[in-house]
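Visitor: this one's structure only:
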C-alpha cells in the first residue's frame with residue numbers, strides 16, 4: 001500500500017517589522033532639537049574661545065614687537081636724548097632708555113649685558129610680583145642662550161611671552177634688550193568671556209527645551225487626534241473624522257486619514273449592502289427550493305417537476321448573485337474602461353444583439369454619428385437590459401424602437417416601447433435596487449435598472465425615463481462623449 005505525501009504548503013512571506021522605540025515622539029523631537037542646539041552652541045563657544053585666545057596672542061605679539069622696535073630705533077642712534085652725547089656702555093644705554101619707559105602692569109623691560117663676571121641686568125616694571133621674577137638669573141640666562149628671538153616660559157606668575165633684540169654698543173660688549181609679557185591676566189579675561197557665553201548658552205538651552213516641549217506638543221496635537229480617532233473607530237461606526245486646520249504636513253496627514261476612512265466606510269457600506277441585498281433576495285428562492293424538497297414524494301412525474309422548479313430557482317439565484325456582484329463592483333474605479341468607439345457602429349451592434357431577445361418588431365430609429373469615449377461592453381450591457389425590460393412589459397409583435405444621437409458633447413442612447421408605461425409615482429424610485437414596477441410584465445429580481453443606473457453613474461452620466469401611462473415608456477441613457485476623470489484605454493490596432 002502506497003501513501004501519498006501531502007503537498008507542502010507555502011507560507012506567506014512575513015513583512016519586515018520595524019521595532020520602534022518607547023520614547024514618545026514629543027520627547028524625541030525635543031531631544032534631537034536640544035542635541036543639535038547643544039552641538040551648535042558648543043561649536044560656537046569653541047570658535048569664540050579660539051578667536052579670543054588668538055586675539056590675545058596677536059595683541060601680545062604686537063605689543064612685544066612694538067617695544068622691541070622702539071628700543072632698536074633708540075639703540076641705533078646711540079645718543080642720549082637730553083645731552084646728545086654718544087652712549088658707549090650698555091648699562092648707560094639701558095638706563096637712558098628705561099628711565100623714559102612706563103611698562104604695562106603685566107610687562108617687564110630688561111636690559112642684559114655680559115661682563116667678565118657674568119650677566120648683568122637692568123629692569124623696569126610696574127608690578128612688585130613681576131619684579132621678583134623678571135630678573136631671575138636662570139630664566140634670563142635661558143632667554144639669552146636661546147637662538148630664537150622670541151619664545152615662552154612657564155613662571156610662578158603663569159605663562160610669559162618674550163622677545164629679545166641685540167643691543168649694539170660702541171665697545172661691542174654683548175648686550176640684549178628683553179621684553180617680557182605675562183599673559184595669564186589677558187587669557188583669564190578671555191576665558192571669563194567664554195564662561196559667560198557658556199552660561200548664556202546654558203540658559204538658552206533651558207529656554208529652548210521648554211519651548212521645544214511646548215511647540216512639539218502643539219505640532220503633534222493633530223497626530224494625537226488621529227491616534228485617538230483611530231482608536232475610537234470600529235467597523236460599526238466609521239463616521240468619525242479628524243478636523244483639518246491649516247495646509248501643512250499634519251493637515252495633509254489628516255486629509256489622507258479622512259480619505260482612508262471614507263474608503264473604508266464605502267467598503268463596509270458596500271459589503272453590508274451586498275449582504276443585506278443577497279439575504280433579502282435569496283430568501284424567497286431558498287424557501288421555495290427547501291419547501292419543494294421537503295414535500296418531494298416518490299412519484300416520478302412529481303420528482304421531475306420538483307427538479308425543474310428547483311433548477312429554475314437555482315438559476316434565478318445565480319442571476320441574482322451575479323447582478324449583486326456587478327453592483328458591488330460598480331463603485332470600483334476600474335468598473336468601466338472607456339475607449340474611443342464609433343457611435344454608429346455601437347448602435348448597430350446593440351440593435352443586432354437585442355433582436356434575439358424576443359419576438360418583437362425592432363426598429364432602429366436613429367443613428368448618431370461621431371466617435372465617443374465609453375466602455376463599449378458596459379454600455380451594451382445597459383442597453384440590452386433596457387431592451388429586456390421593454391420586452392417584459394410588451395406583448396409579442398409590439399414595436400420597440402432603439403436609437404442614438406450625439407449633440408453638444410452628450411451621447412444619448414434610448415429604448416422606447418409601446419407598453420403600459422411607468423406610473424408617475426414610481427419614476428423617482430424605479431432605478432433603486434429591488435424595485436418592481438406595477439405593470440403586468442414578468443417580474444425579475446428588481447436589479448436590472450439598478451445595474452443600468454450604476455453603469456451610467458460610472459460614466460458620469462445619467463439614465464432617465466419619459467413615460468405616459470398607457471402610451472409606453474422611453475428609457476434614455478445620457479453620457480458625456482468624453483467622460484472626465486476616467487483613464488481612457490486606447491484601442492488596440
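Guide: Arrived safely, thanks for sending. Quantities reported herein were computed from a predicted structural model and do not represent experimental measurements.
Visitor: C-terminal to the helix or strand harbouring residue 219, what's the next element?
Guide: According to DSSP states H and E, residue 219 maps onto helix 184-232. Next helix or strand after helix 184-232 toward the C-terminus (DSSP H and E): helix 249-294.
Visitor: could you give the mean pLDDT of that next one?
Guide: Averaged across helix 249-294, the pLDDT comes to 74.
Visitor: cool, stretch 215-232 as well?
Guide: Here the average pLDDT along stretch 215-232 is 79.
Visitor: list the buried residues in that stretch.
Guide: Residues of stretch 215-232 classed as buried: 216, 219-220, 222-223, 226, 229 (neighbour count, 16 or more other Cβ atoms under 10 Å). Where you see a C-beta, it was placed from the backbone N, CA and C, and this is true even at glycine.
Visitor: with stretch 66-84 instead?
Guide: 67-68, 71, 74-75, 78.
Visitor: now it: how far from the chain's centre is it?
Guide: Remark: stretch 66-84 is offset 76 Å from the chain centroid, using Cα atoms, centre = their mean, to the nearest Å.
Visitor: list the contacts of that stretch.
Guide: 85-88, 93, 96-97, 100, 107, 109, 163-165, 167-170, 177, 179 (Cβ atoms under 8 Å, 6 or more residues apart in numbering).
Visitor: of the residues you listed, keep whichever come out buried.
Guide: 87, 93, 96-97, 107, 109, 163-165, 167, 169, 177, 179.
Visitor: residue 201 against residue 45, yeah?
Guide: Yes - in this structure, residue 201 is within contact of residue 45 by Cβ atoms under 8 Å, at 6.4 Å.
Visitor: what domains does the record give for the protein?
Guide: Domains of the chain are assigned by automatic domain parsing as 23-232, 249-329, 339-480.
Visitor: nearest to residue 240, of those domains?
Guide: domain 23-232 (5.3 Å; Cβ to Cβ).
Visitor: show the end-to-end separation of the closest one, please.
Guide: 23 Å (Cα to Cα, to the nearest Å).
Visitor: and stretch 154-174, by the same measure?
Guide: Termini of stretch 154-174 sit 26 Å apart (Cα to Cα).
Visitor: show the average pLDDT along it.
Guide: The model assigns stretch 154-174 a mean pLDDT of 78.
Visitor: picking that back up, so which of the buried residues of stretch 66-84 are in helices?
Guide: Using DSSP state H, the members of the buried residues of stretch 66-84 that fall in helices are 67-68, 71, 74-75.
Visitor: wait, which of these is closest to residue 127?
Guide: Nearest to residue 127 among those, with distances taken as Cβ to Cβ, is residue 67, at 15.8 Å.
Visitor: and that closest one, what pLDDT?
Guide: According to the prediction, residue 67 has pLDDT 86.
Visitor: and residue 195, by the same measure?
Guide: 92.
Visitor: how many other residues sit next to it?
Guide: 12 (other Cβ atoms under 10 Å).
Visitor: do residue 345 as well
Guide: Counted with other Cβ under 10 Å, residue 345 comes out at 12.
Visitor: next secondary structure element downstream of the strand or helix carrying residue 160?
Guide: Assignment of secondary structure by DSSP H and E places residue 160 within strand 158-166. On the C-terminal side of strand 158-166, the nearest following helix or strand under DSSP H and E is strand 175-182.
Visitor: so how far is that next one from its chain's centroid?
Guide: Centre to centre, stretch against its chain (Cα atoms, centre = their mean), the figure for strand 175-182 is 68 Å.
Visitor: cool, and stretch 471-483?
Guide: With Cα atoms, centre = their mean, you get 45 Å for stretch 471-483.
Visitor: list the buried residues in that stretch.
Guide: Those would be 472-483, for stretch 471-483 by 16+ other Cβ under 10 Å.
Visitor: again, but for stretch 40-49
Guide: Buried residues in stretch 40-49 (16+ other Cβ under 10 Å): 41, 45, 49.
Visitor: rounded mean pLDDT for that stretch, please.
Guide: 92.
Visitor: repeat for stretch 352-372
Guide: 90.
Visitor: regarding that stretch, how distant is the last residue from the first?
Guide: Span of stretch 352-372 from end to end, Cα to Cα: 20 Å.
Visitor: likewise for stretch 101-116?
Guide: Start-to-end, stretch 101-116 (Cα to Cα) is 28 Å.
Visitor: hmm, back to that, dump the buried residues of stretch 66-84 to TSV, plus distance to residue 400.
Guide: Formatted as TSV, the buried residues of stretch 66-84 follow (distance: Cβ to Cβ, whole Å):
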residue	distance to residue 400
67	121
68	121
71	126
74	130
75	131
78	136
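Visitor: quick check: the farthest pair among these?
Guide: Most distant of the buried residues of stretch 66-84, by Cβ to Cβ, are 67 and 78, 18.6 Å apart.
Visitor: one step back: what is the strand holding residue 160 packed up against?
Guide: For strand 158-166, the packing partners by 3 or more Cβ pairs under 8 Å, 6 or more residues apart in numbering; DSSP states H and E come out as helix 25-77, helix 137-145, strand 150-155, strand 175-182, helix 184-232.
Visitor: and for it, what's in contact with it?
Guide: Residues contacting strand 158-166 (Cβ under 8 Å, 6+ apart): 60-61, 64-65, 67-68, 71-72, 75, 143-144, 146, 149-154, 174-184, 187.
Visitor: drop anything exposed from these.
Guide: Buried, going by 16+ other Cβ under 10 Å: 60, 64, 67-68, 71, 75, 143-144, 153, 175-183, 187, out of those.
Visitor: ok, now how distant is residue 312 from residue 318?
Guide: Residue 312 is 11 Å from residue 318, where distance means Cβ to Cβ, to the nearest Å.
Visitor: how about residue 154?
Guide: Taking Cβ to Cβ, one finds residue 154 at 104 Å from residue 318.
Visitor: just residue 251 next, same as before
Guide: The gap separating residue 251 from residue 318 is 49 Å, by Cβ to Cβ.
Visitor: so which of these two has more stuff around it?
Guide: residue 251 (15 against 11).
Visitor: chain neighbours aside, what residue packs nearest to that one?
Guide: Once flanking residues are discounted, residue 251 sits nearest to residue 244: 5.1 Å by Cβ to Cβ, 6 or more residues apart in numbering.
Visitor: in contact with that neighbour, which residues?
Guide: Applying Cβ under 8 Å, 6+ apart, the residues near residue 244 are 251, 254-255, 258.
Visitor: mind giving me a markdown table with those and columns for distance to residue 373?
Guide: Converted to a markdown table, the contacts of residue 244 look like this (distance: Cβ to Cβ, whole Å):
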| residue | distance to residue 373 |
| --- | --- |
| 251 | 36 |
| 254 | 36 |
| 255 | 31 |
| 258 | 32 |
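Visitor: residue 293: which of those residues is nearest?
Guide: residue 258 (50.5 Å).
Visitor: what number of residues lie near that closest one?
Guide: With other Cβ under 10 Å as criterion, residue 258 counts 17.
Visitor: ranges for the helices of the stretch 301-450 of the chain?
Guide: 343-354, 376-392, 448-458 (DSSP state H, counting those that start in this stretch).
Visitor: burial count for the closest residue to residue 359 other than its chain neighbours?
Guide: Spatially, and ignoring its direct neighbours in sequence, residue 359 is nearest to residue 396 (4.6 Å; Cβ to Cβ, 6+ apart). Residue 396 has 9 neighbours, counted by other Cβ under 10 Å.
Visitor: for residue 198, same thing?
Guide: Neighbours around residue 198, by other Cβ under 10 Å: 15.
Visitor: need the contact list for the closest residue to it other than its chain neighbours.
Guide: Residue nearest to residue 198 in three dimensions, not counting chain neighbours: residue 45, with 5.9 Å by Cβ to Cβ, 6+ apart. Shown in contact with residue 45 (Cβ under 8 Å, 6+ apart): 194, 197-198, 201.
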